[in-house]
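Peer 1: Coordinates for the following, if possible.
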Amino acid sequence: MKILIIEDEQQLLYHIKESLEKEKFLVETASDYHSAYEKIFIYEYDCILLDIMLPNGSGLELLNELKKAKKSENIIIISAKDSLDDKLKGLELGADDYLTKPFHLAELNARIKAVIRRKELNGKNTIEFGNTTLVFKERQFFVDNKLVTLNRKEFDILNYFMSNKNRLITKNALAEHVWGDNTDQADNFDFVYYQIKNLRKKLVKSKVTFEIESIYGVGYKLILI
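Peer 2: Sure thing, here's the model as predicted:
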């Protein structure tokens, strides 16, 4: 799961990022309006944590731009402003939740998981496809109710495929989702290839009822067989 933190208070930004990375989220950050705007319209995220008061602009302005663009990311406003008007305005503009500073990081983690489950998975903690089940909280993968061990990147890749089953996934989109800001480093496309190659071996050995189909020159698609 990929999270964008938009927050100009550097110490808080660091602590939130550290906490979410311990929960195995892929985390990217932005500290002002312009860098946040650039990221939200270039990349896709499972959840955006959005401060209202930002250098060079407002978080509510970003929300309005997201709404106009009909982007569907989960949004949680994190702000020191505790007025009812700000909360209502944020929710009207499409925010899914509102958390007032100061807050406990454990509560923020719980809220993130809740909005993702509520919107993406209808409240579930699992995705089922064919004879398999992917369990998010425990980061486990089962085939015919038997546990199959995956490394972190294999789990993240399979999670992305199962969340987008029967859809074409480009190599670029997959690399950005799994590696985030690091997609320009160290030939990540080759790394994606080898991770998928190893993942395929485990899937075949486990006798899953789907396959990761290669679309030559473009990307991949997860389909039933």
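Peer 1: contact partners of stretch 9-27?
Peer 2: Surrounding stretch 9-27, the residues in contact under the criterion CB atoms under 8 Å, 6 or more residues apart in numbering are 1-5, 7, 29, 31, 49, 51, 101, 105, 108-109, 112, 139, 152, 156, 177-180. Backbone N, C-alpha and C define where each C-beta goes, glycine included.
Peer 1: and it, how far out from the chain's middle?
Peer 2: Stretch 9-27 sits 14 Å away from the centroid of its parent chain (CA atoms, centre = their mean, to the nearest Å).
Peer 1: Same question for stretch 201-212.
Peer 2: Mean C-alpha position of stretch 201-212 versus that of the full chain (CA atoms, centre = their mean) differs by 24 Å.
Peer 1: buried set for that stretch?
Peer 2: 202-203, 206, 208, 210-212 (16 or more other CB atoms under 10 Å).
Peer 1: By mean pLDDT, point me to the weakest helix or strand of this protein.
Peer 2: Using mean pLDDT, DSSP states H and E, helix 171-179 stands out as the lowest-scoring helix or strand of the chain, at a mean of 76.
Peer 1: tell me how far that helix is from the chain's mean position?
Peer 2: 11 Å.
Peer 1: Same question for stretch 32-48.
Peer 2: Its chain's C-alpha centre lies 12 Å from the corresponding centre of stretch 32-48 when counted by CA atoms, centre = their mean.
Peer 1: Asn164 - how many residues pack around it?
Peer 2: 16 (other CB atoms under 10 Å).
Peer 1: okay but it is in contact with Leu222, surely?
Peer 2: Yes. When contacts are counted by CB atoms under 8 Å, Asn164 is listed as touching Leu222 (7.3 Å).
Peer 1: just checking, what packs against the longest helix along the chain?
Peer 2: Longest helix in the chain by number of residues (criterion: DSSP state H): helix 188-205. Contact here means 3 or more CB pairs under 8 Å, 6 or more residues apart in numbering; DSSP states H and E; on that basis helix 188-205 packs against helix 152-163, helix 171-179, strand 210-215.
Peer 1: Could I get the buried residue list for stretch 140-158?
Peer 2: Of all the residues in stretch 140-158, those buried under the rule 16+ other CB under 10 Å are 141-143, 148, 150, 153-158.
Peer 1: Likewise for stretch 108-121?
Peer 2: With burial defined by 16+ other CB under 10 Å, the residues of stretch 108-121 counted as buried are 108-109, 111-113, 115-117, 120.
Peer 1: quick one: which of the contacts of stretch 9-27 sit in helices?
Peer 2: 105, 108-109, 112, 152, 156, 177-179.
Peer 1: Save those as a markdown table, and put in distance to Glu92 too.
Peer 2: Rendered in a markdown table, the data for the ones in helices among the contacts of stretch 9-27 read as follows (distance: CB to CB, whole Å):
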| residue | distance to Glu92 |
| --- | --- |
| Leu105 | 27 |
| Leu108 | 22 |
| Asn109 | 26 |
| Ile112 | 21 |
| Arg152 | 38 |
| Asp156 | 34 |
| His177 | 29 |
| Val178 | 34 |
| Trp179 | 35 |
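Peer 1: can you tell me which of those residues lies nearest to Val192?
Peer 2: Here the nearest of the ones in helices among the contacts of stretch 9-27 to Val192, counting by CB to CB, is Val178; it sits at 7.2 Å.
Peer 1: The closest one is in contact with Leu199, isn't it?
Peer 2: No. Counting by CB under 8 Å, Val178 stays clear of Leu199, with 11.5 Å between them.
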